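Enquirer: The amino acid sequence is not available; the structure is as follows:
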């Protein structure tokens, strides 16, 4: 999508929403020197252009017991494994993100689990589709 679809003000509004999507249009307007109504119109336009696809929440997985996080590179056993693997990955609550990649592996996943045992069970299930390489997260920097 060409960058000229939004101007500097739209970009500043977008940055405010990225930082805190709970801000009111009035609060954003104070930051970008516009009325809340004008901000609302710009946000609606960015939604129509699919620049803004939705809203999300930042959360602390450790507070609900999801203390183990890993990045998993998946190597599928065959081309036929892709559809069934994707169905599994999209439905499994432990899979937070999945990306189809070029280079090493077929997919990269970010996985969260409540324990090493739960992660091990997940990895055992993953072997039904192919092989994997795992990197455990020690700490999050950003």
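Expert: Received it, and whenever you're ready, just let me know what you need. Note that the structure is a prediction, hence the values are computed from the model and not measured.

Enquirer: neighbours of residue 42, just the number please.
Expert: Applying other Cβ atoms under 10 Å, we find 21 other residues in the vicinity of residue 42. C-beta coordinates here come from the backbone N, C-alpha and C atoms, glycine included.

Enquirer: Tell me how far it lies from residue 64.
Expert: 35 Å (Cβ to Cβ, to the nearest Å).

Enquirer: swap in residue 110?
Expert: 17 Å.

Enquirer: Which one's more surrounded, those two?
Expert: A direct count of neighbours by other Cβ under 10 Å for residue 110 and residue 64 places residue 110 higher, at 15 against 10.

Enquirer: which SS class is that one?
Expert: strand (DSSP: H, G, I helix; E, B strand; the rest coil).

Enquirer: who touches it in this structure?
Expert: Applying Cβ atoms under 8 Å, 6 or more residues apart in numbering to residue 110 gives the contacts 69, 70, 71, 72, 95, 96, 97.

Enquirer: ditto for residue 73
Expert: Residue 73 touches 104, 105, 107, 108, 132, 133, 134, counting by Cβ under 8 Å, 6+ apart.

Enquirer: ok, of the residues you listed, which come out buried?
Expert: For these, a burial check counting by 16 or more other Cβ atoms under 10 Å picks out 105, 107, 108, 132.

Enquirer: Farthest-apart pair in the residues you listed, please.
Expert: Pairwise distances across the buried ones among the contacts of residue 73 peak at 10.3 Å for 108 and 132 (criterion: Cβ to Cβ).
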